[in-house]
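> starting from these lines, generate the structure:
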Amino acid sequence: MCGRFALTATPDQTAALLGLAELEDFPARYNIAPTQPILVAIAGPPRTPGSNLPDRQPMLVRWGLIPTWVKDTREFPLLFNARSEGAAEKASFKAAMRHRRALVPASGFYEWRQTGGKKGQPYWIRPRHGGLVAFAGLIETYAEPGGSEMDTGAILTVNANADIAHIHDRMPVVIDPRDFARWLDCRTLEPRDVADLLRPAQLDFFEAIPISDLVNKVANTGPEIQERGEIGPEPEKVKRQKPGADDSQMTLF
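This is a model prediction of the structure:
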């Protein structure tokens with residue numbers, strides 16, 4: 001799963017990773033959440049002889065994919081993740097898997113270790129040697145009933161590797177820079193041709209740092225949410241006794 005991530009690199013660093021000509025200036029974002037705009041890179045239009053158009057283009061999409069066939073978005077779940085194992089066949093994602101694959105730049109992501117069915121200790125999971133990564137993404141343009149259009153997107157996930165599995169059983173798919181062109185090539189490569197890219201990151205690629213629960217609130221957007229910190233166990237709730245339940249205990253009633 002990937003429900004929060006960060007992009008704290010500069011526009012120049014991000015453009016260099018994605019192979020983009022340039023990017024407009026944007027601030028560091030430490031706590032990106034579903035429904036917020038996210039930056040993605042897509043393949044550019046086919047080049048004509050002598051053209052100076054870039055091979056890839058940036059765009060902003062709403063994080064939370066809406067398939068074109070949805071009638072009422074209020075009754076449709078928020079698809080911010082897509083399970084890579086069945087995305088090519090699932091109705092919500094199969095068109096995007098075939099025609100609209102994208103790269104989602106990130107400095108890392110957040111995950112929570114589940115305890116008793118509740119969100120427990122949060123972790124900041126980042127490349128062990130620093131730098132940026134690109135998650136496998138899908139985009140879809142949704143036409144709203146009023147006629148306006150909205151670009152939406154989701155991040156593909158896969159079974160977590162041994163570095164992450166003790167925290168959560170899923171992790172985002174990371175596309176190696178050497179495979180960017182293959183992943184984005186929707187003109188000549190079908191989903192089956194890039195299925196081998198939908199795999200967990202190599203062992204030791206990521207490091208998981210325990211952090212405080214500041215990240216739990218979307219309103220917290222500063223770098224302090226990535227500082228190391230562990231959450232202790234919740235204190236046991238003390239049951240209040242009814243007056244008169246214990247004759248040895250004094251009471252005002």
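
> when you work out contacts or count neighbours from here on, use the C-alpha atoms and nothing else.
Noted.

> how long is stretch 149-169 end to end?
End-to-end span of stretch 149-169 (CA to CA, to the nearest Å): 35 Å.

> mind listing the helices for the stretch 51-200 of the chain?
Using DSSP state H, counting those that start in this stretch, the helices of the stretch 51-200 of the chain run over residues 94-99, 180-184.

> can you redo those as TSV with mean neighbour count and distance to T221?
Listed next are these as TSV, based on neighbours: other CA atoms under 10 Å; distance: least, CA to CA, whole Å:
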stretch	mean neighbour count	distance to T221
helix 94-99	20	30
helix 180-184	21	29
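
> can I get those in TSV with mean pLDDT and distance to S148?
TSV is the format used below for the helices of the stretch 51-200 of the chain (pLDDT from 0 to 100; distance: least, CA to CA, whole Å):
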stretch	mean pLDDT	distance to S148
helix 94-99	97	20
helix 180-184	97	26
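
> now tabulate the ones you listed in TSV and tack on distance to P37.
Formatted as TSV, the helices of the stretch 51-200 of the chain follow (distance: least, CA to CA, whole Å):
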stretch	distance to P37
helix 94-99	18
helix 180-184	20
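
> relative to Y123, which of these is closest?
Nearest to Y123 among the helices of the stretch 51-200 of the chain is helix 180-184 (27.3 Å), distances taken as CA to CA.

> could you measure from the residue nearest to P172 when sequence neighbours are not counted over to R228?
Among residues not flanking P172 along the chain, T157 sits closest, at 4.1 Å (CA to CA, 6 or more residues apart in numbering). Distance of T157 to R228, given as CA to CA: 25 Å.

> longest helix in this protein, by residue count?
helix 11-18 (DSSP state H).

> so what touches it?
21-26, 41, 56, 103, 105, 132, 134, 177 (CA atoms under 8 Å, 6 or more residues apart in numbering).
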